[in-house]
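>>> Need coordinates for the below:
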Amino acid sequence: MFLRRHSFITYAVWIVLLLASIAAFALRDFMIGAVGLATIALSMAPAYMAERFDLRIPVYFYTGIVLFLFGTIFLGEAYAFYDRFWWWDLALHGASAVGFGIVGCVLTLLMFEGDRYAAPPYAVAGISFSFAVTIGVIWEIFEFGMDQTFGTNMQKSGLMDTMGDLIVDCLGAGVGAATGYAFLRWRMRAGPMGVIAEFILRNRRWFRRGSAQLAREARHDATVVQDDRAARIRAQIAALEAELDACEGVGSAGDEGFVQRDAEGAQV
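Numbers count the residues shown, from 1 in each chain. The predicted structure is shown next:
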């Protein structure tokens with residue numbers, strides 16, 4: 001069932017949306033209620049599609065998708081957060097661009113079955129950047145079309161809003177592309193790079209080579225950690241033995257001094 005195995009934050013957002021929609025319908029605010037239900041449906045759609053295509057999305061990455069939809073559709077449009085906070089639109093554009101950059105990296109690696117040795121880092125980063133920026137451009141075209149066709153105000157201040165969004169999209173796409181580059185070039189798996197690694201490991205069917213490489217590296221890292229731990233323990237034991245020998249040496253020297261003084265006293 002696609003509703004299982006999600007984070008607490010995801011379930012909390014769904015509950016908030018459901019309660020807000022029910023309250024809105026009770027107060028005859030049908031617009032807010034409809035937007036809330038639409039947000040729930042859109043946030044559940046990726047999980048449903050992933051189950052249909054036998055894909056496993058990392059939990060925290062899916063949580064980011066849900067939070068983004070909650071922020072842009074429900075809070076942004078229904079509660080006018082775009083008007084209340086000047087930075088709201090820019091923050092969402094930047095976060096989504098980073099996410100799309102990571103998605104572009106994963107999709108590009110799909111052509112190489114996740115093989116990090118066959119995938120050129122620069123090319124993957126370039127494709128990821130282009131993918132994320134293209135999504136941002138398509139969205140701006142959509143906003144322009146909605147404003148021209150239905151008389152909405154999605155572009156807010158027009159050219160300035162569009163150009164500001166595109167600039168932030170490029171910056172976010174650059175971060176996403178850099179994440180893919182770091183994952184391939186330096187084999188980094190911490191932070192955002194861990195999302196790519198987990199996506200590969202969770203979808204071994206689509207990333208056979210990459211998942212095998214990550215599994216081997218994980219076993220090697222575990223062995224290195226164990227060896228380092230054993231070396232540190234041996235060093236600690238050696239230090240304790242040396243300290244014990246030193247204490248025993250001092251004790252022996254003191255005993256000899258007592259014996260010598262006793263002998264001198266006996267001669268006197």
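>>> Now the residue nearest to the spatial centre of the chain. Nearest residue, chain neighbours left out?
For the chain, the residue whose C-alpha lies nearest the mean C-alpha position (Cα atoms, centre = their mean) is residue 192; its distance is 4.0 Å. Computed as Cβ to Cβ, 6 or more residues apart in numbering, the closest residue to residue 192 that is not its neighbour in sequence is residue 179, at 4.4 Å. Using the backbone N, CA and C atoms, a C-beta is placed for each residue, glycine as well.
>>> so where's the chain shaky on pLDDT?
Confidence mapping of the chain against pLDDT under 70 gives the ranges 1, 221, 224-225, 227, 249-268.
>>> do that again at 80, thanks
Judged by pLDDT under 80, the chain has its weakly predicted residues at 1-2, 150, 152-154, 156-158, 218, 220-231, 236-268.
>>> So which residues of it form helices?
For the chain, applying DSSP state H gives helices covering 8-26, 30-52, 59-69, 81-84, 88-110, 121-150, 159-185, 192-202, 208-267.
>>> To residue 2, which of those lies closest?
Residue 2 sits nearest to helix 30-52 of all the helices of the chain, at 4.2 Å, using Cβ to Cβ.
>>> how about the closest one: buried residues?
Under the neighbour-count criterion of 16 or more other Cβ atoms under 10 Å, helix 30-52 has 32-33, 35-40, 42-44, 46-47 buried.
>>> measure the residue lying closest to residue 211 once chain neighbours are set aside to residue 184 for me?
Setting aside the residues directly before and after it, residue 211 is nearest to residue 204 in space (Cβ to Cβ, 6+ apart), at 4.2 Å. Counting by Cβ to Cβ, to the nearest Å, the separation of residue 204 from residue 184 is 19 Å.
>>> Ok, residue 239 next?
Distance, residue 239 to residue 184, by Cβ to Cβ: 42 Å.
>>> And for residue 35?
Applying Cβ to Cβ, one obtains 40 Å for the distance of residue 35 from residue 184.
>>> just to revisit the earlier point, now do the residue nearest to residue 211: how many residues are near it, please.
15 (other Cβ atoms under 10 Å).
>>> these two touch, right, it and residue 214?
No. Between residue 204 and residue 214 there is no contact, the gap being 9.7 Å when judged by Cβ atoms under 8 Å.
>>> picking up where we left off before, so if I had to pick from residue 239 and residue 184, which one is more boxed in?
Under the criterion of other Cβ under 10 Å, the comparison of residue 239 against residue 184 puts residue 184 first, with 24 against 10.
>>> Go ahead and confirm the more buried one touches residue 121.
Yes. Under the criterion of Cβ under 8 Å, residue 184 makes contact with residue 121 at 4.0 Å.
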